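1. turn this into a structure:
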Amino acid sequence: MTHTFKEFSTNAIFNIGNETDLKSFQTPKQAEFYTFIWAQTEPIDIIIDSLPISLAPHSILALTPIQYLQYVDGQNAIVYQFNREFYCIKDHDQEVSCVGVLFFGNVNIPIIHLDESEQRKFNILHEVFIDELDTKDTIQAEMLRMLMARFIIKSTRLLKAKEGIVETAKSSKVSLLRSFNYLVEQHYKTEHSVSFYAAQLFKSPKTLSNNFAKFNQSPLQIIHERIVLETKRLLIYTDKTAKEIAYDVGFEDASHLSRLFKKYTSLSPSDFKKQLNTSSQEKLTSQ
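-> Got it, this is the predicted structure:
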């Protein structure tokens, strides 16, 4: 059963469902919502941006709205979904906002593993969610947002502990990297230069490069990888031509995108598409 909250004044939507809701993703499509998939007692097999993942029991996976999700198999899941208007309109601390650790970038997919103690805590929180969704009053929206903030805070703590993420409140290089990624997410289709993002962050391009060196990344690499990721998604999930895709990601000349794409994948967009089609045909033949 799906429990749904809608706030018409803000167009906010928050859903709690199960594996039945995942079945609408048997054909790959964008998640469209910020999404948590929580495997309860069985593994959940899914594909995220063409990457197969078997989500182990008692694990939670976080997705952004733009990532492509395909459901393959698995039972006994809990699925939380919400749109930007539900949670991101609130002024949260950066770590637990829509720019926070769980939604940091779109290459690494955050997976949180729950031990027995955390399972009990998250199950209690889930029951409170369900109870609040059944409570219709003027403060329901605020309560649900507070509960989601708690869910995200708890998940963020577990993820940071797992990955050994340590940072100070305001001056951390991680915070700057996250802010840069967020800006790239907003502008990568129109702004391809490091200088644009540096100006937005009141930093020099050299300062960004020096800060990001700790993470074995460069600002330009982050911009390029985001463009390449979007190009892959459009090649995999749409019938757009290489020229149309180039225009979508801000290139007037398709050859410029082709050179960039080949630098990161060793294939031109057209060769990448041919490889996809060949793979699909081989799968059909083997069935």
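
2. burial of F8, as a residue count?
-> A total of 6 residues lie near F8 under the criterion other Cβ atoms under 10 Å. For every residue, glycine as well, the C-beta is placed using N, CA and C.

3. now it: how far from C88?
-> Separation of F8 from C88 (Cβ to Cβ, to the nearest Å) stands at 18 Å.

4. quick one: list the elements packing against the particular helix or strand that has L177 in it.
-> Assigned by DSSP states H and E, L177 belongs to helix 173-187. Helix 173-187 is packed against helix 194-200, helix 205-212, helix 219-237, with contacts defined by 3 or more Cβ pairs under 8 Å, 6 or more residues apart in numbering; DSSP states H and E.

5. nearest to V184, of those?
-> V184 sits nearest to helix 219-237 of all those, at 5.3 Å, using Cβ to Cβ.

6. and the helix holding L177, which residues are buried?
-> In terms of neighbour count (16 or more other Cβ atoms under 10 Å), helix 173-187 has its buried residues at 174-185, 187.

7. gap between the two ends of stretch 182-192?
-> Using Cα to Cα, to the nearest Å, the end-to-end distance of stretch 182-192 comes out at 14 Å.

8. what residues does that stretch touch?
-> 99, 106, 196-197, 200-201, 222-223, 226-227, 230, 248-250 (Cβ atoms under 8 Å, 6 or more residues apart in numbering).

9. pLDDT check: weakest of those?
-> Lowest pLDDT within these is found at N106 (39).

10. against E244, how distant is E85?
-> For E85, the distance to E244 equals 30 Å [Cβ to Cβ].

11. which of the contacts of stretch 182-192 are buried?
-> Looks like the contacts of stretch 182-192 have 99, 106, 197, 222-223, 226-227, 230, 249-250 buried, using 16+ other Cβ under 10 Å.

12. the chain: strands as residue ranges?
-> 3-7, 12-18, 29-30, 34-39, 44-48, 51-55, 59-63, 68-73, 77-82, 111-113 (DSSP state E).

13. so what secondary structure elements neighbour the last one?
-> Secondary structure elements in contact with strand 111-113, counted by 3+ Cβ pairs under 8 Å, 6+ apart, are strand 59-63, helix 140-163.

14. chain center to it: distance?
-> Averaged C-alpha coordinates place strand 111-113 at 14 Å from its chain's average position (Cα atoms, centre = their mean, to the nearest Å).

15. mind listing what's buried in that strand?
-> Buried, per 16+ other Cβ under 10 Å, within strand 111-113: 111-112.

16. which residues does it contact?
-> By Cβ under 8 Å, 6+ apart, the residues outside strand 111-113 that reach it are 53, 55-56, 58-62, 155, 158-159, 162.

17. make TSV out of those and add pLDDT and distance to D115.
-> Putting the contacts of strand 111-113 into TSV (pLDDT from 0 to 100; distance: Cβ to Cβ, whole Å) gives the following:
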residue	pLDDT	distance to D115
I53	94	20
L55	96	16
A56	96	12
H58	97	8
S59	97	11
I60	96	13
L61	95	17
A62	93	18
S155	93	14
L158	92	9
L159	87	14
K162	75	11
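
18. which of these count as buried?
-> Buried among the contacts of strand 111-113 by 16+ other Cβ under 10 Å: 53, 55, 58-62, 155, 158-159.

19. return the residues in contact with S24.
-> S24 sits next to Y71 when contact means Cβ under 8 Å, 6+ apart.

20. for it, give its distance to G74.
-> Applying Cβ to Cβ to S24 and G74 gives a distance of 15 Å.

21. farthest pair within the buried ones among the contacts of strand 111-113?
-> Most distant of the buried ones among the contacts of strand 111-113, by Cβ to Cβ, are I53 and L158, 17.9 Å apart.

22. please name the nearest non-neighbouring residue to E230.
-> V249 (5.6 Å; Cβ to Cβ, 6 or more residues apart in numbering).

23. same deal with S50?
-> Of all residues not flanking S50 in the chain, I236 sits nearest, at 5.9 Å (Cβ to Cβ, 6+ apart).

24. how many other residues sit next to the one you found?
-> Neighbours of I236 under the rule other Cβ under 10 Å: 14.

25. with I47 instead?
-> 15.

26. residues touching the residue lying closest to it once chain neighbours are set aside, list them.
-> With sequence-adjacent residues excluded and distances taken as Cβ to Cβ, 6+ apart, I47 is closest to Q70, at 4.0 Å. Under the criterion of Cβ under 8 Å, 6+ apart, the neighbours of Q70 are 25-29, 46-48.
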